[in-house]
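> Structure for this input, please:
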Amino acid sequence: MGDGLTLLATVQRYAQSTRAPRHLDLVVLDPQPPDRVSLAATFERLGLAEQPAARALCDRWPQRSPGLHRIVFDGCAGLPPGRRVRLTLAVGPMTAMLARLQMPVDAFFVDTAVRGSSSAGRPEIYAQLARLAVPGAVIALATPFAH
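Just a heads-up that it's a prediction; the model follows:
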């Protein structure tokens with residue numbers, strides 16, 4: 001997920017879009033995502049901390065522990081009434097995390113550090129992404145976060 005900026009921008013664009021669906025399902029695959037303090041510090045340093053989506057993301061960001069963590073944004077993050085973002089943060093080995101997911105996904109955010117792992121490039125990874133992806137789903141690669 002890198003520094004969180006791509007994720008933040010996605011939520012903001014979704015909130016501003018007039019043609020967006022009512023629900024957006026996002027999955028972050030990151031073996032070591034930033035903690036809440038680091039995420040907030042990045043947004044603060046870039047002057048983004050007071051934006052509704054940034055505040056909502058920091059307020060709901062889970063402790064960094066292995067497993068699947070769900071964050072739901074509705075009625076906050078600057079979202080119009082009736083819109084919802086469901087973010088699943090998958091912390092751990094990519095293969096194991098993808099196997100546990102059973103949901104349609106609109107966008108994947110993959111930390112580029114995962115590319116160097118032994119699971120990267122394996123056909124079963126792509127098969128798992130395809131299994132979960134809705135038509136038109138995207139994959140965003142993030143730069144490593146400086147912890």
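
> drop to CA atoms for contacts and neighbour counts, all remaining ones
Noted.

> so after the strand or helix carrying F108, what's the next helix or strand?
Here F108, judged by DSSP states H and E, is contained in strand 105-111. Where DSSP H and E defines the elements, the next helix or strand beyond strand 105-111 is helix 123-132.

> about what we covered before: determine the set of other helices and strands touching the strand holding F108.
Judged by 3 or more CA pairs under 8 Å, 6 or more residues apart in numbering; DSSP states H and E, the packing partners of strand 105-111 are strand 23-29, strand 133-142.

> Quick one: mean pLDDT over it.
Strand 105-111 comes out with an average pLDDT of 90.

> just so I know, which of the helices and strands packed on strand 105-111 lies nearest D3?
strand 133-142 (7.7 Å; CA to CA).

> from the chain's centre, how far out does the closest one sit?
Centroid displacement of strand 133-142 relative to its chain, using CA atoms, centre = their mean, to the nearest Å, is 11 Å.

> Tell me where the chain is predicted with low confidence.
The chain contains residues with pLDDT under 70 at 1-2, 112-121, 142-147.

> Quick test: name the residue nearest the centre of it.
Nearest to the geometric centre of the chain sits V28, at 3.6 Å (CA atoms, centre = their mean).

> L89 is in contact with that one, correct?
Yes: counting by CA atoms under 8 Å, L89 is a contact partner of V28 at 4.8 Å.

> got the angle for the helix ranked longest in the chain vs strand 133-142?
Ranked by residue count, the top helix of the chain under DSSP state H comes out as helix 5-16. Put simply, helix 5-16 runs at 140 degrees to strand 133-142, going by axes from the mean of the first three to the mean of the last three CA atoms, to 10 degrees.

> what sits up against helix 5-16?
In this structure, residues lying in contact with helix 5-16 by CA atoms under 8 Å, 6 or more residues apart in numbering are 1, 20, 53-54, 57, 77-80, 83, 85, 109, 140, 142.

> Tell me how far that helix lies from the chain's centre.
10 Å.

> If we go by neighbour counts, what in that helix is buried?
Going by neighbour count (16 or more other CA atoms under 10 Å), the buried part of helix 5-16 is 5-8, 11-12, 14-15.

> Fine by me, thanks again.
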